[in-house]
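Colleague: kindly generate the corresponding structure for this input.
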Amino acid sequence: MVSDEPSMSDHRHINFDIKSCSSMETVTYRNPRCTSWDSFQNNLESNLELVPKSIKTRVDLDLAVDAVSRGTISAFEDSCPLRVKTTRRKAPWWNSRLKRLRDKTRKLFNRAKATREWDIYKKSPN
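Modeller: Below you'll find the predicted structure:
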């Protein structure tokens, strides 16, 4: 909001409220295209050595399935590095809502500047 308070300048004060989230979340991911498949195969072979060779009961089967699952996941995680998601945007907090508000405010400002009627611009809630 443009303030009517004297600023001792030919410019007016602009008052605004900033709402922000307290923490920026870092997003990590694994890109399977960047996996070292030779390393994956070597890790998987060594991890699968822990799988029981003789399966006679359901408990043995459950243990074998668990060992294969953990071994496969471990081999993948060791062979495919974690990456941090980056953005090309200069301000990660900028979004389409802020763009619409900026566009609306700019139109009001240009209209007020052309007509010298500043009341609508100053009283605009956004």
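Colleague: which residue lies farthest from the center of the protein?
Modeller: Lys56 (47.8 Å; C-alpha atoms, centre = their mean).
Colleague: so what pLDDT did it get?
Modeller: We have a pLDDT of 92 for Lys56.
Colleague: and it, how far from Arg70?
Modeller: To Arg70, Lys56 is 21 Å away according to C-beta to C-beta, to the nearest Å. C-betas here are computed from N, CA, C, even on glycine.
Colleague: domain-wise, how is this protein divided?
Modeller: 26-86, 94-126 (automatic domain parsing).
Colleague: quick one: closest of the ones you listed to Arg12.
Modeller: Nearest of those to Arg12, taken as C-beta to C-beta: domain 94-126 at 8.6 Å.
Colleague: what's the average pLDDT for that closest one?
Modeller: pLDDT averaged over domain 94-126 gives 88.
Colleague: for that domain, the distance to its chain's centre please.
Modeller: Domain 94-126 sits 29 Å away from the centroid of its parent chain (C-alpha atoms, centre = their mean, to the nearest Å).
Colleague: same deal with stretch 35-51?
Modeller: Centre-to-centre, stretch 35-51 and its host chain are 32 Å apart (C-alpha atoms, centre = their mean).
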